[in-house]
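**Student:** Fold the following.
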Amino acid sequence: MIHSYAELRAFALSLNLPQVEDSTGWGNPCLKAHGKMWVWWSPYADAAVFKCDFDEREMLLQADPDTFTLHPHYTNHRFILVKAGHIDPTWAAPRLTQTWRALAPKRWLKSWDATLPN
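**Tutor:** Okay, the predicted model is just below:
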């Protein structure tokens, strides 16, 4: 399980996805992918922030309230908070990869995908 931003950052970087850099967002450390915020820790709760659509967010909040939470700051945004110590790397890895792909410019992603082994 992941317990802190430092652990989350190290885990996200271990995915070895290109176009990722250390940065800040709203005065807090984050990782950006393709110049956009990708991985960060909420300044409002001891939790990581993951992109998530509203329907899935409701399902996750109901299915596992010990793991997932929502701070009022994020109510109108497509994010879910995952509490420190409850971030499962097997859940986080595909989520981070999916978000990384969604942030990539389509032309760049098509070119990058062409370099990958089948």
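
**Student:** From R101, how far out is the closest residue to H71 other than its chain neighbours?
**Tutor:** Closest residue to H71 apart from its sequence neighbours, by CB to CB, 6 or more residues apart in numbering: Y44 at 4.3 Å. No exception for glycine: its C-beta is placed from N, CA and C like everyone else's. Taking CB to CB, to the nearest Å as the criterion, Y44 is separated from R101 by 27 Å.

**Student:** Between those two, which has more neighbouring residues?
**Tutor:** Shown here are Y44 and R101; by other CB atoms under 10 Å, R101 has more neighbours (15 against 12).

**Student:** so what's the more buried one up against?
**Tutor:** Applying CB atoms under 8 Å, 6 or more residues apart in numbering, we find R101 in contact with L109.

**Student:** Report the mean confidence score over the helix or strand where it lies.
**Tutor:** Under the criterion of DSSP states H and E, R101 resides in helix 89-103. The average pLDDT for helix 89-103 rounds to 96.

**Student:** Go ahead and confirm D88 touches M1.
**Tutor:** Yes: contact criterion CB atoms under 8 Å: D88 and M1 qualify, at 6.4 Å.

**Student:** which SSE is A6 in?
**Tutor:** helix 5-14.

**Student:** Buried residues in that helix, which are they?
**Tutor:** Neighbour-count burial for helix 5-14 flags 5, 7-9, 11-12 (criterion: 16 or more other CB atoms under 10 Å).

**Student:** Show the pLDDT at K83.
**Tutor:** Listed pLDDT for K83 reads 98.

**Student:** my guess is it contacts H71, does it?
**Tutor:** No: using CB under 8 Å, K83 is not in contact with H71; the gap is 11.1 Å.

**Student:** Quick one: the helices in the protein, in order.
**Tutor:** 5-14, 54-63, 89-103, 106-115 (DSSP state H).

**Student:** would you list the ones you listed in JSON lines and tack on distance to T75?
**Tutor:** Below are those laid out as JSON lines (distance: least, CB to CB, whole Å):
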{"stretch": "helix 5-14", "distance to T75": "22"}
{"stretch": "helix 54-63", "distance to T75": "10"}
{"stretch": "helix 89-103", "distance to T75": "20"}
{"stretch": "helix 106-115", "distance to T75": "30"}
